[in-house]
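**Q** sequence plus the predicted model coming up.
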Amino acid sequence: MGYEVNIGIEIHAELLTSSKVFCSCPVKFGASPNTLTCPVCLGLPGALPVLNRKAVDFTILTALALNCEINRHPIFHRKNYYYPDLPKNYQISQYDTPIGINGRLDIETENGRKRIRIRRVHLEEDTGKLLHSGGHITHSDMSFVDFNRSGVPLLEIVSEPDILSTEEAKEYLTNIRDILVFLGVCDGKMEEGSMRCEANVSIREKGAKKLGVKTELKNINSFRAVERALIYEIDRQVKALSSSKEVIQETRHWDEKDEKTVSMRSKEEAHDYRYFPEPDLVPLQIDNEWIERLKSQLPELPEQKYERYKTLGLTPYDAKLLTHDIELSRFFEDTIKIYNNPKWISNWLLGDITKELKDRNKLISQTSFTPEILVEMLSLIDEGKISGRIAKDLLPELIDKGVSPKKLVEEKNLIQITDTDTVLEVINQILRENAKVVEEYKKGKEKSFTFLVGQVMKLTKGRADPKLVNELLKKALG
Amino acid sequence: MLSIEEVTHIERLARLKLSDQERERYRKQLSDVLDYAARLNAIDTSNVPPMYHVLPVTNVLREDIPNDNFSQGEALTNAPIQENGFFVIPPILGGEE
Amino acid sequence: MELADLTAHKLIELIEKREASPLEVAHSFLNRIEKYEPKVKAYLNLKDKEEVITSIRDNEPYSALLIAIKDNILVKGLHTTCASKILSNFIAPYNATVIEKLNLQNFNIVGKTNLDEFAMGSSTENSAFGPTRNPWDLERVPGGSSGGSAASVAIGECAWALGSDTGGSIRQPASFCGVVGLKPTYGTVSRYGLVAFASSLDQIGPITKDVTDNALLYSIINGHDPNDSTSLKLEPHKFTHLSQDIKGIKIGVIRELLGEGVDSTIKKCINDAIETFESLGATVDEVSLPHIDYSVPTYYILAPAEASSNLARFDGVRYGFRALGKITEDMMSNTRGEGFGPEVKRRIMLGTYVLSAGYYEAFYLKALKFRNLIASDFNSAFKNFDVLISPTSPILPFKLGEKTENPLEMYLSDICTIPINLAGIPAISIPCGFVDNLPVGLQIIGPAFSEATLFRVAYGFEQATPFHNNRPNMGGIE
């Protein structure tokens, strides 16, 4: 029996505003407990919310980037439930008038480009944080509450269950994260909790029209956890259905340690949130001017960048890699402004330069390497003054010290030898000294040619123009 | 007349521990009020928009500027139990999963 | 009359003319408190006498005109209990905006007054700390929920007071105690620091001995507050000396509020008032507000619904009373079960029910539609009338314990005041007669932002009648 998978992903992203969504407490990570609170985010009697304009801007921007329709008259609702990290025991959120609806995100899959529909994008407030004695919610004898995070603006992005595999889920998450980071609305750090995700997973028999019973997966705290949790859960559901057991609609908690999903079905009934419009806030009216102003602030989005890079001649694979790396793509853009060979530039950036950066565990902006240096280096190759091989050897020093490639080449006396006579002289010397190898080559051993080339390069300390060497050696060997 | 189950359900939703007498008393009193409130069904309001807000005001927004807030001491000043800067509460779960 | 019986504006005059010293004036109030408080019990919390005295400044008349604040308005450093066990130990860590405004003018707060618990009630009998008694007849209620404030003003324990009004809680006690009470236009007085009962209905307002005092105090507390999103950005209403001229004012008598349910003695007072208005040159006609009979059911769906959510924050986690409980959920339920009084619990249950799944449309949404109809009725009426009038209460001040058995009966007595809160418009209650030495109040209602007109009409009536000079018989109390 074959099964199809449907996955829907819900993302909560903490916004990079300076103050909270309904009060002017600072938004800061890692402060001492309960040092970033006020009557509003502590839920004191008499406190009232006032909406942060920037949080709304960020939400509209994100909705625009995800091709959503913008709701012109959104309002906020109270979502009523009791939990000790929720100071008012209701969360100010959005119910049936989210700021963005009917959006989409196109992702790359092995079967080509695919559209994931975005159901909604809305704004709400975050809760405080609970800590449990003993470190875990079970078997603890008291809990501790810190309200620093209470009231931090939270963006909620909900997809339709159009995601059909774990790979697509990862791709979707990566793309969303990139967009949020590109827009500057969230720093996308799942490990720090500034971006959280929940997944709804269901399976159905191949060809079945209706979606299967879905479970909701929570406590997924990293990209890797997403993958493993989804794989586990899909497997669990397949096993259940295959042995004629039912899949129950419930919330399941991803246990990182034991690497499994655990049922959170408690004696509690399903939540009745008793949504009603928030009377302490007035409605929003988003007019064309507001939308246009934000549209003009939209930076080029990953999707558009990707397409543009392809038109510049990059392979889809390279275009994708470069798009996902903000630092490198910025460097790339600056370099192609002064030297028009995007493919060559990207090859260097994604190849040897990335390797050097990885070795140093540094971002390109943390080194002394600049677009000007790269361009100078490429020009030297282009002019035939050095070979690519030589350039590669120079990279470490260029990256660490930021010196001029021209100067370096002169100092080290690395100018390429392109004079035919000089090269021929060396070739002839090598042929004389390696008669046996020449014999072997003439007998058909291809590798001998490479050896001979290597000897020429060695004798010229790598400075001989490799193309010329190849050409002349071939001629000399007949 | 509301059933006891309905009253118990509301009790749970509202986190209000009631005694048996209270429950029975509220059952009757709530039923009275709700029956009275059902008078609203006398008029067809399908074409009447709900009045969510009395004020004809929109877009009340605040600039994103952080301001003074409570010190830790002020935040905890009325805390029934506190420890190391945290509000302390009984465990969330009863020890069973 | 003794100093404590004089109006605030008269006392200011005397102080400025040096015919009375600030100290004398303040002592006059303090003596009243000493003498009558044990019987009247208007206060839950009195400031230290020494502190009150030392706050008096010779050049600050307001510092001598002691003001009483209803105990659901936060005054920093003082207990704010809302007359509830659940907040009996709560000390306000911040000032309500209206208090900040008073502080700027060096007002001298003498104490916090008694109320129905969380402002839910019409008699002040729902206070967890015992009822306040009506100075005109100690066996009777002072009205509610601002009973303490009204009684305190009536008996001269303060010069003036602040109350709050959600369904009549300023106007009805003002009527029962023979003083003046204004519920301002929704949005003209900040709610920041007022413990919320029903957010879309609550307003803070002044309770005073006469209309001039009321206009004066209103001019000080009204105005936009950036901390309250529902507070309007208007030019604040400034105090102007009131004119007695109401010639040509068109007054509408609300037919439905002079029907069967109204005590005949009250009807007579209203009819006398109509004659007075006509003799002053106003025109008086009947007007019908066809949906006004639906006000009480509408209110008793909307107000408890909002209250059930507003009071969810009282859970024993961050402040207030905390009961025992093995797990947090039990602690919360026990805290609320033990900490709230019966009326509060009743309304929370009611509110939770009408918002719950399956009932939202039938009750809450339906009530919001009726709200629209009722507001529209007023709008239509104001096309033909400058103000509308009605009795403030259909019944005379009743005896303590007379109405506590049947909550519904108590709710029905709010019929005159409730529609005004639903429409968000202003209304003032002024004394218009006495029945067996019990005060009767006339309610004057105006369209939004018509406070100036209300004061003018009220002043005209007041100056043409003797009622504002009546004071409770002290002999009856001693």
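**A** Nice, I can see it. Numbering: from 1, shown residues only, chains lettered A, B, ... in the order given.
**Q** pLDDT on the one helix or strand C:Ala174 maps to, on average?
**A** Assigned by DSSP states H and E, C:Ala174 falls within helix C:171-177. Across helix C:171-177, pLDDT averages out at 98.
**Q** from the contact counts, what lies against the following helix or strand past that helix?
**A** Next along the chain after helix C:171-177, taking DSSP H and E as the criterion, comes strand C:180-183. Counting contacts by 3 or more Cβ pairs under 8 Å, 6 or more residues apart in numbering or on different chains; DSSP states H and E, strand C:180-183 is packed against strand C:160-165, helix C:171-177, strand C:203-208, helix C:211-221, strand C:427-435, helix C:451-463. Using the backbone N, CA and C atoms, a C-beta is placed for each residue, glycine as well.
**Q** JSON lines for the ones you listed, including distance to chain B and mean neighbour count?
**A** Listed next are the helices and strands packed on strand C:180-183 as JSON lines, based on distance: least, Cβ to the nearest Cβ, whole Å; neighbours: other Cβ atoms under 10 Å in any protein chain shown:
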{"stretch": "strand C:160-165", "distance to chain B": "14", "mean neighbour count": "29"}
{"stretch": "helix C:171-177", "distance to chain B": "18", "mean neighbour count": "35"}
{"stretch": "strand C:203-208", "distance to chain B": "11", "mean neighbour count": "30"}
{"stretch": "helix C:211-221", "distance to chain B": "18", "mean neighbour count": "24"}
{"stretch": "strand C:427-435", "distance to chain B": "14", "mean neighbour count": "26"}
{"stretch": "helix C:451-463", "distance to chain B": "16", "mean neighbour count": "23"}
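**Q** got these as a markdown table, with distance to C:Asn421 columns?
**A** Supplementary listing: the helices and strands packed on strand C:180-183 in a markdown table, determined by distance: least, Cβ to Cβ, whole Å:
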| stretch | distance to C:Asn421 |
| --- | --- |
| strand C:160-165 | 7 |
| helix C:171-177 | 10 |
| strand C:203-208 | 8 |
| helix C:211-221 | 17 |
| strand C:427-435 | 9 |
| helix C:451-463 | 15 |
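**Q** any chance of the ones you listed in a markdown table, plus distance to chain A?
**A** Listed next are those as a markdown table, based on distance: least, Cβ to the nearest Cβ, whole Å:
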| stretch | distance to chain A |
| --- | --- |
| strand C:160-165 | 11 |
| helix C:171-177 | 21 |
| strand C:203-208 | 11 |
| helix C:211-221 | 15 |
| strand C:427-435 | 20 |
| helix C:451-463 | 22 |
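**Q** so for A:Lys320, which of the ones you listed sits nearest?
**A** With Cβ to Cβ, the closest approach to A:Lys320 among the helices and strands packed on strand C:180-183 belongs to strand C:203-208: 58.9 Å.
**Q** report the angle between that closest one and helix C:211-221.
**A** Counting by axes from the mean of the first three to the mean of the last three Cα atoms, to 10 degrees, strand C:203-208 lies at 140 degrees to helix C:211-221.
**Q** strand partners of strand C:203-208, parallel vs antiparallel please.
**A** strand C:160-165 (antiparallel), strand C:180-183 (antiparallel) (DSSP bridges).
**Q** same list, these, but as a markdown table with distance to A:Asn341 please.
**A** Output for the strands paired with strand C:203-208, formatted as a markdown table (distance: least, Cβ to Cβ, whole Å):
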| stretch | distance to A:Asn341 |
| --- | --- |
| strand C:160-165 | 74 |
| strand C:180-183 | 76 |
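**Q** who touches the residue positioned nearest the centre of chain B in this structure?
**A** By Cα atoms, centre = their mean, the mean C-alpha position of chain B lies nearest to B:Ala14, the distance being 6.3 Å. B:Ala14 is in contact with C:Ser308, C:Ala312, C:Arg336, C:Ile348, C:Met349, C:Thr352, counting by Cβ atoms under 8 Å, 6 or more residues apart in numbering or on different chains.
**Q** go on, A:Leu294?
**A** Applying Cβ under 8 Å, 6+ apart to A:Leu294 gives the contacts A:Asp57, A:Ile60, A:Leu61, A:Leu64.
**Q** among those, who's most crowded?
**A** The most crowded member of the contacts of A:Leu294, judged by other Cβ atoms under 10 Å in any protein chain shown, is A:Ile60 (26 neighbours).
**Q** now whichever helix or strand that one is part of - C-alpha only, PDB.
**A** Here A:Ile60 sits within helix A:53-65, counting by DSSP H and E. Output in PDB follows, covering the C-alpha atoms of helix A:53-65 (Å, rounded to 0.1, in the frame of the first residue of the first chain):
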ATOM      1  CA  ARG A  53       3.700  50.600  14.000                       C
ATOM      2  CA  LYS A  54       6.900  48.900  13.000                       C
ATOM      3  CA  ALA A  55       5.500  45.500  13.900                       C
ATOM      4  CA  VAL A  56       2.600  46.100  11.500                       C
ATOM      5  CA  ASP A  57       5.000  47.300   8.800                       C
ATOM      6  CA  PHE A  58       7.100  44.200   9.200                       C
ATOM      7  CA  THR A  59       4.000  42.000   8.900                       C
ATOM      8  CA  ILE A  60       2.800  43.800   5.800                       C
ATOM      9  CA  LEU A  61       6.300  43.600   4.300                       C
ATOM     10  CA  THR A  62       6.400  39.800   4.900                       C
ATOM     11  CA  ALA A  63       2.900  39.400   3.500                       C
ATOM     12  CA  LEU A  64       3.900  41.300   0.400                       C
ATOM     13  CA  ALA A  65       7.100  39.200   0.000                       C
END
